[in-house]
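**Student:** Here is a sequence together with a model predicted from it:
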Amino acid sequence: MTFQAEPDREPQRLIQDTLQEYRTTGRMAEIIYRDGAGQVCIAHDVIRDVFSRAGSDFVMLGRGAMLELDHIMTIDGWSPRAGNVLTQP
């Protein structure tokens, strides 16, 4: 039996590694996201935690805001979406 990696697994790992780097270094980030009403919002904050709950990935910001990863458009100019994970400046 040969192990075959899931096609989307590598981009997801890069996303998780990058988010964990922000979390461990405490580096301030500019996070652009859509809120529950669909409005574009900007936060300048640190990433306090990265976790999964009920099948979704979340980012907890330093001031207590909890953002679903799917709602985050950019973090410091790079997109955490799998297709754009390597666009970090």
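**Tutor:** Yep, that arrived. Residues are numbered from 1 along each chain as shown.
**Student:** what phi and what psi does the backbone show at the residue nearest to Ser52 when sequence neighbours are not counted?
**Tutor:** The shortest distance from Ser52 to any non-neighbouring residue, by C-beta to C-beta, 6 or more residues apart in numbering, is to Phe58 (7.2 Å). Where C-beta positions appear, they are placed from N, C-alpha and C, glycine not excepted. Phi and psi for Phe58, reported as degrees, to the nearest 10, are phi -130, psi 150.
**Student:** ok, Phe58 - contacts?
**Tutor:** Val50, Phe51, Ser52, Met66, Leu67, Glu68, Leu69 (C-beta atoms under 8 Å, 6 or more residues apart in numbering).
**Student:** let's see 7 Å
**Tutor:** Phe51, Met66, Leu67, Glu68, Leu69 (C-beta atoms under 7 Å, 6 or more residues apart in numbering).
**Student:** if I look at it, how far off is Asp45?
**Tutor:** To Asp45, Phe58 is 14 Å away according to C-beta to C-beta, to the nearest Å.
**Student:** Over to Met28?
**Tutor:** Met28 is 7 Å from Asp45, by C-beta to C-beta.
**Student:** Please say which of those two ends up with more neighbours.
**Tutor:** Neighbours per residue (other C-beta atoms under 10 Å) separate Met28 from Asp45, with Asp45 holding more: 17 against 12.
**Student:** quick one: contacts for the more buried one?
**Tutor:** Ala29, Ile31, Leu61, Gly62, Arg63.
**Student:** All set, thanks.
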